[in-house]
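fold the following.
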Amino acid sequence: MTKRDLIDEVNKKFPHLSRRDSEIILNSIFDSMADAMGHGERIEIRGFGSFVVKHRRARQGRNPKSGAVVSVAAKKVPFFKVGKELRLRVDGKGAAHQKNS
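Have a look, this model is predicted:
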């Protein structure tokens, strides 16, 4: 699914919005998330998962092409931890499975 597909989904569910309005809404959400993570904040979307910033220490790596040892600087990387509901849904054991259990 691409950003364009997401915009189309918003338009299907909210036909009174223009395509441009849907795009602005999605861009605002993504920009807000990126800004929050840029400040080291955690983002939690219940039932979906959470986004956190992990700190990677500096280390010695290896250039896969030449095999030479290279220094890799410390950095911050985004990390997504899937929520239980999404994990079950992807595994095919979503809401229908929970009701039968």
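
wait, Ser50 touches Lys81, no?
Yes. Between Ser50 and Lys81 there is a contact under C-beta atoms under 8 Å: 5.1 Å. From N, CA and C alone the C-beta is placed, and that goes for glycine too.

neighbour count for the two, which is higher?
More neighbours surround Ser50 than the other of Ser50 and Lys81, with 14 against 11 (other C-beta atoms under 10 Å).

quick one: which helix or strand includes that one?
strand 49-56 (DSSP states H and E).

so what are the sheet partners of that strand and their directions?
Partner strands for strand 49-56, per DSSP bridges, with pairing direction: strand 43-45 (antiparallel), strand 75-82 (antiparallel).

nearest to Gln60, of these?
Taking C-beta to C-beta, strand 75-82 is the member of those nearest to Gln60, at 14.5 Å.

may I have the closest one as CSV, with CA atoms only?
Extracted in CSV, the C-alpha atoms of strand 75-82 (Å, rounded to 0.1, in the frame of the first residue of the first chain):
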residue,chain,number,x,y,z
LYS,A,75,23.1,7.0,15.5
LYS,A,76,19.4,7.1,16.3
VAL,A,77,17.1,4.9,14.3
PRO,A,78,13.3,4.6,14.2
PHE,A,79,11.9,1.3,15.4
PHE,A,80,8.3,0.0,15.2
LYS,A,81,6.9,-2.5,17.7
VAL,A,82,3.7,-4.1,16.5
